[in-house]
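In: Here is my input, please return the structure:
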Amino acid sequence: MKNLPSLLLLLLLLTTGLLAAAPRRDFATQYRPGRTIEVDTRREGDSLRVYLRFPNRSTLRRGFPLHVVGWADFDARRPLWQDTVRQLARRLRPDGAAARISFTLPLSRLRAGQVLSMVIGPAEEAVSGDAAWLRLTPEHLNRSFILIDSLSQPLMHRYVRARQVFGVSAYAPGQALSAYRYPLSSLAAAPPMASVSTLGEQPRTLGLADSARFQADQLLRLPAGLYLLRVGDRGPHLGLLVEENRFPELTSADELIAPLVYVTTSPERQKLFDAPDPKKAVDQFWLGVANNNQTVARQLIRTFYGRVSEGSQFFSAHKAGWLTDRGMLYLVMGPPETVYRDGNEERWLYRGDAGIGGTFIFRAKPSTFAPDNYELVRRPEYEPLWYAAVEQWRKGRTAQPGR
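Out: Below is the predicted model:
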């Protein structure tokens with residue numbers, strides 16, 4: 001027993017050393033199509049209901065509970081608390097190839113700024129960046145409604161198509177829903193090396209276009225615009241992006257030309273807009289990039305516009321996702337190979353060849369419309385990395401890092 005204090009001290013030192021030596025948590029899976037676990041929340045009295053959508057139910061680990069872990073931050077080594085949700089067989093609901101589940105947590109345990117990780121599997125997988133992760137904001141802890149689709153399933157994202165049928169599911173029935181519409185933005189992100197003077201003055205406020213009131217339990221069809229939704233006369237707003245056509249897919253000629261802003265010049269894009277058949281002109285542009293190799297051209301088109309769509313699915317908020325800073329980098333350089341989250345920062349790492357390897361830092365800049373918005377820390381040293389990535393597209397040799 002005399003050696004017990006020494007043994008405890010040794011155990012503490014060993015544990016501390018192991019924690020310090022543990023690899024940093026990699027969140028790259030959060031930006032992998034078909035692998036991201038979607039999350040939404042709704043306050044219900046003194047509880048918070050959490051909704052999860054797993055992209056592929058066939059990969060769920062049978063016989064394991066759902067582990068829920070609370071953390072002080074994304075890079076925390078020790079959890080604040082841990083819990084499990086059992087009896088998953090009767091809780092899980094199929095959704096095509098996907099699966100859905102919802103459960104409640106006591107609000108007394110939760111604080112704004114805390115981070116949740118959730119996974120079905122062994123407990124250690126809840127520590128991994130592959131789990132579902134969510135930083136709790138005051139909006140999460142107080143918003144008593146969610147968006148639902150026409151079948152009353154949680155929508156799980158903050159965008160719909162114009163005139164698409166959707167609804168709002170409020171915890172307390174019979175409440176009024178206020179919808180405030182603002183103009184859409186088509187302003188693309190500036191290149192990573194752009195200076196502050198190049199960016200210009202950003203508008204601090206948006207002009208209200210119109211507003212309307214509905215019942216929270218009725219199905220809606222809204223015209224295109226950027227919306228703030230609120231149930232009742234108090235409580236948090238929820239931003240909603242309503243886009244035309246088949247968003248996030250691209251169908252019109254204008255939609256196909258617009259994302260080329262990152263890899264073409266203004267005269268090149270104007271030539272495409274002015275062509276007698278702009279869609280055919282876009283095809284000819286890519287065929288020219290591919291040196292008239294139709295197979296390569298088709299692959300370039302699939303990759304480029306696939307990333308436009310994926311970027312909009314991941315990053316849409318106050319504008320289409322491909323227009324945002326993270327969407328721009330995702331489109332031109334591909335999904336990041338490694339993602340670190342530290343406090344209010346995200347670091348995207350690329351280790352690709354052809355001179356496009358590098359680290360890009362994003363800092364959180366939340367707003368009412370976009371609580372999960374991040375802005376790129378622009379630096380002049382990014383210029384060679386950016387032009388090397390653009391040159392890959394221009395020569396039809398685009399690599400696909402992170403896939």
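In: Buried residues of the helix ranked longest in the chain, list them for me.
Out: With secondary structure taken from DSSP state H, the chain has its longest helix at helix 294-315. Under the neighbour-count criterion of 16 or more other C-beta atoms under 10 Å, helix 294-315 has 296-297, 299-301, 303-305, 307-315 buried. The way it works is simple: take the backbone N, C-alpha and C, and place the C-beta from them, glycine included.
In: Which strands or helices does it pack on?
Out: Here helix 294-315 is seen to pack against helix 278-289, helix 325-333 when contacts are counted using 3 or more C-beta pairs under 8 Å, 6 or more residues apart in numbering; DSSP states H and E.
In: Now do the same for that helix: mean pLDDT, whole number.
Out: Within the predicted structure, the mean pLDDT of helix 294-315 is 97.
In: quick check: angle from it to helix 325-333?
Out: On the basis of axes from the mean of the first three to the mean of the last three C-alpha atoms, to 10 degrees, helix 294-315 is oriented at 170 degrees to helix 325-333.
In: Without its sequence neighbours, what residue ends up closest to Ala370?
Out: Computed as C-beta to C-beta, 6 or more residues apart in numbering, the closest residue to Ala370 that is not its neighbour in sequence is Ala317, at 3.3 Å.
In: got it, and Leu238?
Out: Sequence neighbours aside, Leu229 is the residue nearest to Leu238 in space, at 4.8 Å (criterion: C-beta to C-beta, 6+ apart).
In: Then Leu250?
Out: On the basis of C-beta to C-beta, 6+ apart, the spatially nearest residue to Leu250 that is not a chain neighbour turns out to be Leu256, at 5.4 Å.
In: Go ahead and name everything in contact with the one helix or strand the one you found maps to.
Out: Remark: Leu256 resides in helix 253-257, with elements defined by DSSP states H and E. Contacts to helix 253-257, defined as C-beta atoms under 8 Å, 6 or more residues apart in numbering, come from residues Asn245, Leu250, Arg269, Leu272, Phe273, Pro278, Lys279, Ala281, Val282, Tyr305.
In: For it, give the mean pLDDT please.
Out: Confidence for helix 253-257, expressed as mean pLDDT, is 97.
In: Same question for the helix or strand following it: list its buried residues.
Out: Counting by DSSP H and E, the next helix or strand C-terminal to helix 253-257 is helix 266-274. Of the residues in helix 266-274, Leu272 count as buried by neighbour count, 16+ other C-beta under 10 Å.
In: now helix 266-274 and helix 278-289, what's the angle there?
Out: Calculated by the same axes, to 10 degrees, helix 266-274 forms an angle of 140 degrees with helix 278-289.
In: So which elements touch helix 266-274?
Out: With contacts defined as 3+ C-beta pairs under 8 Å, 6+ apart, the secondary structure elements packing on helix 266-274 are helix 253-257, helix 278-289.
In: List the residues that contact the closest residue to Leu349 other than its chain neighbours.
Out: Nearest in space to Leu349, with sequence neighbours left out and distances taken as C-beta to C-beta, 6+ apart, is Thr338 at 4.0 Å. With contacts defined as C-beta under 8 Å, 6+ apart, Thr338 is in contact with Asp26, Ala28, Trp348, Leu349, Arg351.
In: for Thr398, same thing?
Out: When the contact criterion is C-beta under 8 Å, 6+ apart, the partners of Thr398 are Leu300, Thr303, Phe304, Gly334, Gln392.
In: any chance of the residues you listed in JSON lines, plus distance to Val50?
Out: Rendered in JSON lines, the data for these read as follows (distance: C-beta to C-beta, whole Å):
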{"residue": "Leu300", "distance to Val50": "40"}
{"residue": "Thr303", "distance to Val50": "34"}
{"residue": "Phe304", "distance to Val50": "35"}
{"residue": "Gly334", "distance to Val50": "31"}
{"residue": "Gln392", "distance to Val50": "41"}
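In: which two of these lie the greatest distance from each other?
Out: Pairwise distances across these peak at 13.0 Å for Leu300 and Gly334 (criterion: C-beta to C-beta).
In: Give me the phi and psi for the residue nearest to Leu349.
Out: Here the main-chain torsion angles of Thr338 (degrees, to the nearest 10) amount to phi -140, psi 140.
In: what about Arg163, distance to Leu228?
Out: Taking C-beta to C-beta, to the nearest Å as the measure, Arg163 falls 19 Å from Leu228.
In: Looking at these two, which is more packed in?
Out: Taking Arg163 and Leu228 together and counting by other C-beta atoms under 10 Å, Leu228 has the greater number of neighbours (19 against 12).
In: what is the more buried one paired to in the beta sheet?
Out: Tyr180, Gly239 (DSSP bridges).
In: So it sits against Ala370, correct?
Out: No. Under the criterion of C-beta atoms under 8 Å, Leu228 is not in contact with Ala370, lying 11.3 Å apart.
In: domains for this structure, by residue range?
Out: Following automatic domain parsing, one gets these domains for the chain: 28-141, 144-243, 253-394.
In: hey, which of those domains is tucked in deepest?
Out: Per-residue neighbour counts averaged over each of the domains of the chain give the maximum for domain 253-394, namely a mean of 18 (mean count of other C-beta atoms under 10 Å).
In: Which stretches in this protein count as helices?
Out: Counting by DSSP H, the chain has helices at residues 4-21, 88-91, 138-142, 196-199, 253-257, 266-274, 278-289, 294-315, 325-333, 383-394.
In: can you tell me which of these comes nearest to Thr36?
Out: Set against Thr36 and scored by C-beta to C-beta, these come closest in helix 294-315, at 7.6 Å.
In: quick one on the thing from earlier: could you dump the helices and strands packed on helix 266-274 into CSV and include distance to Thr36?
Out: Putting the helices and strands packed on helix 266-274 into CSV (distance: least, C-beta to C-beta, whole Å) gives the following:
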stretch, distance to Thr36
helix 253-257, 24
helix 278-289, 28
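In: what about stretch 214-229, how long is it end to end?
Out: Separation of the first and last residues of stretch 214-229 by C-alpha to C-alpha, to the nearest Å is 10 Å.
In: sorry, that was for stretch 257-264
Out: Terminal residues of stretch 257-264 lie 10 Å apart, using C-alpha to C-alpha.
In: How far off centre is that stretch?
Out: In this view, stretch 257-264 has its centroid 21 Å away from the chain centroid, taken as C-alpha atoms, centre = their mean, to the nearest Å.
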